[in-house]
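Visitor: return a 3D structure for these sequence lines:
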Amino acid sequence: MKKNLLFAFIVLFISLNTEAQECLTGGCTNFDNEYPSQGAPYAATNSWQVLINPVSGNPALMNGDNWTRFNVEIGKVYEWTYCEAYGGVSTSWDAELTLFDNSNLSTPLCFSTNSCGTNGNAPYLSWTATFTGVIRILTTGFANGNGCLSNSGTYNKLAYRLVVPSSCTTPGTPTNALATVTGQNSADLSWSAGTPTGSSNLTYYWVVGYNAAVTYGNGVAQGTTTGTSVSISSLTCGNTYYLRVYAKTSCDNSNSGYITSASFSTSPCASGSIYGIDVSHYQGTIDWASVKANGKVYSFVKATEGITYVDTEVTTNMTNGVNAGVIMGAYHVAKPELSTAVNEANYFLNIASSYIGNGFLPPILDLEPQFIDGLSASDLAIWIQTWMNSVQSATGT
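Guide: So this is what the prediction gives:
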């Protein structure tokens, strides 16, 4: 009885390991013959298919030293095999598979030899793409203790597929969004996971803005976290805000809807101080009467950027801000790496000149790190001075 059980265990152990996918180091480099080549590179689908020779419409008859090209996308899993269980044929000779980036044929990405098949000699290569592009997969033979062999006269058939990931669960909308004010410009934000929680890995996208419809990327403060709370200190005193949060899973990049908190207001501004805000289209529709009522005396409004962009809300914000009694001024986002100071000054003045002078704040030049990294300090100083001189010469301000 023990012998029978031992035999059964050995058979079971072998059967569980005869179709193990491989991605080994090493491999072969004898690229003698691209076959098939017409229509290459080929695209894998989510079901096993045998490599077809487009010329004949029949399965490609593979020899050792044949290589074939396939398209791949980063992050996706691809598999190639000569195993009969998946449509391949491995009985003619002992095959090997080596995978390369088609633009780098000196370093193999993956290698497979004896993994499955009728005789246990078929390769089964499984690889997660590390780039988007074209790969080259090389078939070679193994015989008498030697690998990387060429052959002819007898043929195997190659099967391949794109692996479909296990089903993903879209996260439910988070709940219990709450903002607890901790100062004039700070608040603690929190929320709870939705139902269902969603497949891992889960990331929460949070945003704080002036209205209950603000979206991520358009708020006054925003960020991501894998937790369910965050503290911020980039708000302004005496303002009313909303917190919004949604969840996203990396399983299939699906996301939930937004949860929106009740409105919350930061602590009042200190007496004797003068406060203002800077705004652009990112803040959406602004209630300027509320801005004024909350103690904001002034506001700088984005007018232009570089020499190609006019903020879509500049006219609306300027008009409504002035009507609400807020002292308004215009600002320009500089792109000194792309254009001259004189050209940018003229572009700004063409849009904002009516917002410069009596009743308005002096114009402002906004320098963002991502637009000035390529300039030396001295070149940047010259660019800034030239811009200011150009604006002042044109407006007297």
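Visitor: switch to C-alpha atoms for all contacts and neighbour counts from now on
Guide: Fine.
Visitor: tell me where the model's unsure across the stretch 51-200 of the chain.
Guide: Applying pLDDT under 70 to the stretch 51-200 of the chain flags residues 165-166.
Visitor: and the residue sitting nearest the centre point of the chain, what element?
Guide: The residue lying closest to the centre of the chain (Cα atoms, centre = their mean) is Asn253, at 9.7 Å. Secondary structure from DSSP states H and E places Asn253 outside every helix and strand.
Visitor: and it, how far from Glu73?
Guide: Asn253 sits at a distance of 16 Å from Glu73 (criterion: Cα to Cα, to the nearest Å).
Visitor: Pro336 now?
Guide: Distance of Pro336 to Glu73, computed by Cα to Cα: 37 Å.
Visitor: cool, and Gly145?
Guide: 36 Å.
Visitor: who has more neighbours, the two?
Guide: Between Gly145 and Glu73, counted using other Cα atoms under 10 Å, the more crowded position is Glu73 (14 against 5).
Visitor: these two touch, right, the more buried one and Trp127?
Guide: No. Under the criterion of Cα atoms under 8 Å, Glu73 makes no contact with Trp127, lying 11.4 Å away.
Visitor: quick one, strands of the stretch 251-397 of the chain?
Guide: Counting by DSSP state E, counting those that start in this stretch, the stretch 251-397 of the chain has strands at residues 259-260, 264-265, 275-279, 296-305, 309-310, 327-333, 364-366.
Visitor: make JSON lines out of the ones you listed and add mean pLDDT, distance to Glu34 and mean neighbour count.
Guide: As requested, the strands of the stretch 251-397 of the chain are arranged in JSON lines below (pLDDT from 0 to 100; distance: least, Cα to Cα, whole Å; neighbours: other Cα atoms under 10 Å):
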{"stretch": "strand 259-260", "mean pLDDT": "97", "distance to Glu34": "55", "mean neighbour count": "22"}
{"stretch": "strand 264-265", "mean pLDDT": "95", "distance to Glu34": "66", "mean neighbour count": "20"}
{"stretch": "strand 275-279", "mean pLDDT": "91", "distance to Glu34": "60", "mean neighbour count": "17"}
{"stretch": "strand 296-305", "mean pLDDT": "95", "distance to Glu34": "52", "mean neighbour count": "23"}
{"stretch": "strand 309-310", "mean pLDDT": "96", "distance to Glu34": "50", "mean neighbour count": "14"}
{"stretch": "strand 327-333", "mean pLDDT": "97", "distance to Glu34": "54", "mean neighbour count": "24"}
{"stretch": "strand 364-366", "mean pLDDT": "95", "distance to Glu34": "57", "mean neighbour count": "15"}
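Visitor: output those strands as JSON lines; include the columns distance to Ser229.
Guide: Rendered in JSON lines, the data for those read as follows (distance: least, Cα to Cα, whole Å):
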{"stretch": "strand 259-260", "distance to Ser229": "14"}
{"stretch": "strand 264-265", "distance to Ser229": "16"}
{"stretch": "strand 275-279", "distance to Ser229": "26"}
{"stretch": "strand 296-305", "distance to Ser229": "29"}
{"stretch": "strand 309-310", "distance to Ser229": "36"}
{"stretch": "strand 327-333", "distance to Ser229": "33"}
{"stretch": "strand 364-366", "distance to Ser229": "32"}
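Visitor: for Ser393, find the nearest of these.
Guide: For those, the distance to Ser393 is smallest for strand 364-366, at 14.9 Å, taking Cα to Cα.
Visitor: how near is Ala44 to Phe70?
Guide: Look at Ala44 and Phe70: by Cα to Cα, they are 8 Å apart.
Visitor: sorry, wrong one. I was asking about Ile372.
Guide: In terms of Cα to Cα, Ile372 sits 42 Å off from Phe70.
Visitor: can you check Ile135 too?
Guide: 5 Å.
Visitor: between these two, tell me which one has more neighbours.
Guide: Counted by other Cα under 10 Å, Ile135 and Phe70 do not tie: Ile135 has more neighbours, with 23 against 16.
Visitor: is it correct that that one is in contact with Phe100?
Guide: Yes. Ile135 lies in contact with Phe100 (Cα under 8 Å); the separation is 5.6 Å.
Visitor: quick one, phi psi at the nearest residue to Val77 once chain neighbours are set aside?
Guide: Excluding the flanking residues, the one nearest Val77 by Cα to Cα, 6 or more residues apart in numbering is Thr128, at 4.2 Å. When read as degrees, to the nearest 10, the backbone of Thr128 gives phi -90, psi 120.
Visitor: residues contacting Thr128?
Guide: 74-78 (Cα atoms under 8 Å, 6 or more residues apart in numbering).
Visitor: got a ChimeraX select line for the buried ones in the residues you listed?
Guide: A single ChimeraX command selects the buried members of the contacts of Thr128 (16 or more other Cα atoms under 10 Å):
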select :76,77,78
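Visitor: what is the nearest of the contacts of Thr128 to Val89?
Guide: Tyr78 (18.7 Å).
Visitor: ok, that closest one to Ala193 distance?
Guide: As judged by Cα to Cα, Tyr78 and Ala193 stand 34 Å apart.
Visitor: the strands in the stretch 101-250 of the chain, which residues?
Guide: Applying DSSP E, counting those that start in this stretch to the stretch 101-250 of the chain gives strands spanning 110-112, 124-128, 133-143, 146-149, 159-162, 175-181, 187-192, 202-209, 221-225, 229-232, 240-249.
Visitor: so which bits of the longest one are buried?
Guide: Across strand 133-143, burial judged by 16+ other Cα under 10 Å covers 134-142.
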